[in-house]
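**Q** Quick check, what structure comes out for this input:
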Amino acid sequence: MNSLERVSSFIKSYIPDDEGILGEIYTEAVACGVPVMRPETRELLKTQLLLKNCVNVLEIGTAVGYSAMFMKKYLPENAHITTLEINPERVADARRNFARVYGDKDSGITLLEGDAYELIKTLPADSFDFVFMDAAKAQYMSYLTELYRVVKVGALIFTDNVLQEGEILESHFTVNKRNRTIHDRMREFLRYITTDERLESSILSVADGVALSLVVRK
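**A** This next block holds a predicted model:
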């Protein structure tokens, strides 16, 4: 184990596991190979939500619903999450998990099924003050072009997995051919968010990489 791995292991030792049903859902997702937030990412996400005191959150990539329910814990009681998922099996899993956690109570979460790029076009303008993006990595750039319309000035766009397990550091020609499109588009996305005058962005080496982009103008 190298020094970076030791640091990561040390940090994770201070991160508590989820309790109850939400913890079960996380464990099940990991066991089934479903992509869910890493512990370090969810801790950063938690603090950003608390700092922003958001009331209208957009999530791109529901998966099994874990991240939406995790975020809901750190939002005001009147807050609402709209979450988008294209995979019908994941949609069904997420709906079952919402029922496991909330039962018949109003969860404050609306799940929309379909292509996120198209669904974002149907959402009201200037309505979201926080976006959590954790979906098809090659589409991040496309999603962002549509997000400008639906977010408020001052909104925070939290983008996960921007370092692609370190592969983003490699040149185009050393990356496996099947991963080159994702690699190139992610590099384009990172260049864009760090140069677009509408955003103030930071790229952090938390877990598999996080980008925090504050919308400063539209």
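**Q** going forward, measure contacts and count neighbours with C-alpha atoms only.
**A** OK.
**Q** Tell me which stretches of this protein form strands.
**A** 56-60, 80-85, 109-113, 128-133, 151-160, 199-204, 210-215 (DSSP state E).
**Q** which one of those lies closest to Val30?
**A** strand 151-160 (16.7 Å; CA to CA).
**Q** sorry, back to before: could I get the strands of the chain as TSV with mean pLDDT and distance to Val91?
**A** As requested, the strands of the chain are exported to TSV (pLDDT from 0 to 100; distance: least, CA to CA, whole Å):
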stretch	mean pLDDT	distance to Val91
strand 56-60	98	13
strand 80-85	98	6
strand 109-113	98	7
strand 128-133	98	17
strand 151-160	97	20
strand 199-204	97	30
strand 210-215	97	25
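**Q** List the contacts of the closest residue to Val30 other than its chain neighbours.
**A** Closest residue to Val30 apart from its sequence neighbours, by CA to CA, 6 or more residues apart in numbering: Val36 at 7.1 Å. Contacts of Val36 were listed using CA atoms under 8 Å, 6 or more residues apart in numbering, and they are Tyr26, Ala29, Val30, Ala63, Tyr66, Ser67.
**Q** Check Val216 too.
**A** Val153, Gly154, Arg198, Leu199, Glu200.
**Q** And the pLDDT for it?
**A** We have a pLDDT of 98 for Val216.
**Q** Burial check on the spatially closest residue to Gly61 that is not a sequence neighbour, number of neighbours?
**A** Closest residue in space to Gly61, ignoring its immediate chain neighbours: Ala135 at 4.5 Å, by CA to CA, 6+ apart. By other CA atoms under 10 Å, the residues close to Ala135 number 22.
**Q** What of the one 10 residues further on?
**A** Taking other CA under 10 Å as the criterion, the count of residues near Thr145 is 10.
**Q** now it: how far from Arg38?
**A** 27 Å (CA to CA, to the nearest Å).
**Q** try Asn78
**A** 27 Å.
**Q** Between those two, tell me which one has more neighbours.
**A** Arg38 (15 against 9).
**Q** contacting residues around that one?
**A** When contacts are taken as CA under 8 Å, 6+ apart, Arg38 is in contact with Ala207.
**Q** can we see that at 10 Å?
**A** Lys12, Val30, Asp160, Asn161, Val206, Ala207, Asp208 (CA atoms under 10 Å, 6 or more residues apart in numbering).
**Q** for Val153, same thing?
**A** Asp126, Ser127, Phe128, Asp129, Arg198, Leu199, Leu214, Val215, Val216, Arg217, Lys218.
**Q** Of these - the most surrounded one?
**A** Neighbour counts for the contacts of Val153 peak at Phe128, which has 26 neighbours (criterion: other CA under 10 Å).
**Q** From Lys46, how far out is the nearest residue to that one once chain neighbours are set aside?
**A** Spatially, and ignoring its direct neighbours in sequence, Phe128 is nearest to Val151 (4.6 Å; CA to CA, 6+ apart). Per CA to CA, Val151 is found 20 Å from Lys46.
**Q** Looking at the two, which is more packed in?
**A** Shown here are Val151 and Lys46; by other CA under 10 Å, Val151 has more neighbours (25 against 17).
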